[in-house]
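**Student:** Provide a 3D model corresponding to the input given below.
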Amino acid sequence: MGLSVLVVDDELDVAELLAELLAARGHRVMTAIDGLIARTLLQNHDYDLVITDFMMPIIDGLQLVQGMRAIDRLARIPVIMSSARRDLPAAVEAGLVQLTLQKPFSPAVLYAAIDRVTASAPGT
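**Tutor:** Reported below is the predicted structural model:
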């Protein structure tokens, strides 16, 4: 059985493409176009993994993950953060996210990242 994944990206075409790639691997996917919508979804649903863009309006990916880490129920959900920016390692070093992906990335890179972060995640 696949994972329950929340994909957060303000570029709708990117969110939809990621959702299609994940669904093709048997995962259940919900999408959000900003961090505010993602927060609501996180409050109302259980996820095994969050894949979020870094730069988004309203609530960016870093703010979203910081909020998740402050809530016990959400704190252990593994997070993959994607961005076209090259300076995201600080989020990994701070322990906020498990992995960062440099956009653009291939489906194979995405699948390998998911396998890597969920293999060591509690409860998955």
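**Student:** got any ranges where this protein has weak pLDDT?
**Tutor:** For the chain, applying pLDDT under 70 flags the ranges 88-93, 120-124.
**Student:** spatially central residue in it, please.
**Tutor:** Of all residues in the chain, the one closest to the mean position by Cα atoms, centre = their mean is I51, 1.4 Å from it.
**Student:** list the buried ones in the helix or strand that contains that one?
**Tutor:** For I51, the host element (DSSP states H and E) is strand 49-53. Buried residues in strand 49-53, counting neighbours by 16 or more other Cβ atoms under 10 Å, are found at L49, V50, I51, T52, D53. Quick note: C-beta positions are derived from backbone N, CA and C, even for glycine.
**Student:** for the fourth one, which residues are in contact?
**Tutor:** Just to be clear, that refers to T52. 6-9, 35, 38, 61, 64-65, 79-82 (Cβ atoms under 8 Å, 6 or more residues apart in numbering).
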